[in-house]
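Visitor: Here's my sequence, what's the structure:
(one chain, ligands or ions: 1)
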Amino acid sequence: MKLNQRIAIVTGASGGIGKATARRLLQDGASVMLAGHHQDKLDAVSAELVKEFDAQRIATVECDVSKEDQVIAAVQATQKRFDGWDIMVNNAGLMDFKPLEQQSGDDWLSVLNVDLMGAFYFIKQAFLQMKPGGAVVNISSVHAVETEPLVAPYAAAKTALLSLTRSSAIEGRPKGIRTNVILPGAIDTPMLWDNPNVKSGAEKIDKADVGKPEDVAAAVAFLVSDDARFVCGAELRVDGGRLARL
Ligand SMILES: NC(=O)c1ccc[n+]([C@@H]2O[C@H](COP(=O)([O-])OP(=O)(O)OC[C@H]3O[C@@H](n4cnc5c(N)ncnc54)[C@H](O)[C@@H]3O)[C@@H](O)[C@H]2O)c1
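Guide: The predicted structure is shown next:
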């Protein structure tokens with residue numbers, strides 16, 4: 001098992017890509033702290049996972065990633081429970097849909113605080129707490145590169161996450177901590193199908209272009225493993241090639 005003895009925190013672990021990532025890291029031997037802002041949902045995921053894996057390797061922590069004090073508490077809870085911390089997956093994300101002229105500053109901040117600042121708070125703790133060999137993966141989106149109407153704060157946050165990845169790859173390298181970012185395309189989770197642009201048909205999605213949460217989880221598992229020891233600051237698109245086509 002590639003991730004034996006490694007300890008991971010996965011945010012937004014109560015469903016979709018976060019849950020698939022938690023399961024994959026457990027399959028690969030890691031212990032996983034499931035972090036999210038709804039304890040009941042985390043409990044349900046944990047109950048499912050303990051049927052497949054040793055319960056000693058699974059724990060949950062309620063954490064609103066937009067609040068730095070809660071991020072610090074989640075990291076402390078992880079270290080107390082597992083005696084260490086090697087892997088951080090910044091997966092929690094929020095999307096809001098409004099025409100630009102109807103958006104308020106607070107609309108922007110509510111998205112930026114989760115999609116960008118949440119990752120910053122965890123990376124800050126990683127740089128303070130992780131030992132050399134640590135790895136961070138940020139989950140951005142193809143919206144960092146191309147986007148659509150109604151989601152300006154989300155697209156801005158996901159683009160900024162590429163920049164944050166670059167900065168943390170540079171500053172983390174002397175500390176022995178690698179940071180990389182994944183840009184998922186259309187992935188089969190409620191976040192995709194609840195998107196009003198998708199529902200209205202304004203964003204057309206060919207079924208062949210829809211990936212599984214497990215496809216993103218596999219990319220995370222590679223990036224946090226020693227196989228990726230020389231991969232740092234990479235932007236990995238996991239979109240089935242959708243963005244490459246005219
Ligand atoms: N599904 C897609 O097509 C797709 C495409 C590109 C990128 N993404 C990104 O993948 C990530 C996971 O998305 P998903 O598709 O699994 O959808 P999802 O809605 O299941 O996952 C988002 C998770 O973030 C959590 N979250 C939201 N606000 C939070 C907060 N303040 N604190 C802690 N957790 C919070 C939610 O509870 C949820 O568990 C997101 O960052 C999303 O932007 C998804």
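Visitor: show me what contacts the residue nearest the centre of the chain?
Guide: Note on the chain: the residue nearest the mean C-alpha position is Asn91, at 1.6 Å, using Cα atoms, centre = their mean. Neighbouring residues of Asn91 by Cβ atoms under 8 Å, 6 or more residues apart in numbering: Val10, Thr11, Gly12, Ala13, Ile17, Gly18, Thr21, Ile139. All C-beta atoms are positioned from the backbone trio N, CA, C, and that covers glycine.
Visitor: how about the CA coordinates for the longest helix that the chain contains, as PDB?
Guide: When the chain is parsed with DSSP state H, its longest helix is helix 152-172. Presented in PDB, the C-alpha positions along helix 152-172 are these (Å, rounded to 0.1, in the frame of the first residue of the first chain):
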ATOM      1  CA  ALA A 152     -17.900  34.900 -11.500                       C
ATOM      2  CA  PRO A 153     -16.900  34.500  -7.800                       C
ATOM      3  CA  TYR A 154     -16.400  30.700  -8.300                       C
ATOM      4  CA  ALA A 155     -14.300  31.100 -11.400                       C
ATOM      5  CA  ALA A 156     -12.200  33.800  -9.700                       C
ATOM      6  CA  ALA A 157     -11.700  31.700  -6.600                       C
ATOM      7  CA  LYS A 158     -10.700  28.600  -8.700                       C
ATOM      8  CA  THR A 159      -8.300  30.700 -10.800                       C
ATOM      9  CA  ALA A 160      -6.800  32.200  -7.600                       C
ATOM     10  CA  LEU A 161      -6.400  28.600  -6.300                       C
ATOM     11  CA  LEU A 162      -3.900  28.000  -9.200                       C
ATOM     12  CA  SER A 163      -1.900  31.000  -8.100                       C
ATOM     13  CA  LEU A 164      -2.000  29.900  -4.500                       C
ATOM     14  CA  THR A 165      -0.800  26.500  -5.600                       C
ATOM     15  CA  ARG A 166       2.100  28.100  -7.400                       C
ATOM     16  CA  SER A 167       3.100  30.200  -4.400                       C
ATOM     17  CA  SER A 168       2.800  27.300  -2.000                       C
ATOM     18  CA  ALA A 169       4.800  25.000  -4.300                       C
ATOM     19  CA  ILE A 170       7.600  27.500  -4.300                       C
ATOM     20  CA  GLU A 171       7.500  28.300  -0.500                       C
ATOM     21  CA  GLY A 172       6.800  24.700   0.500                       C
END
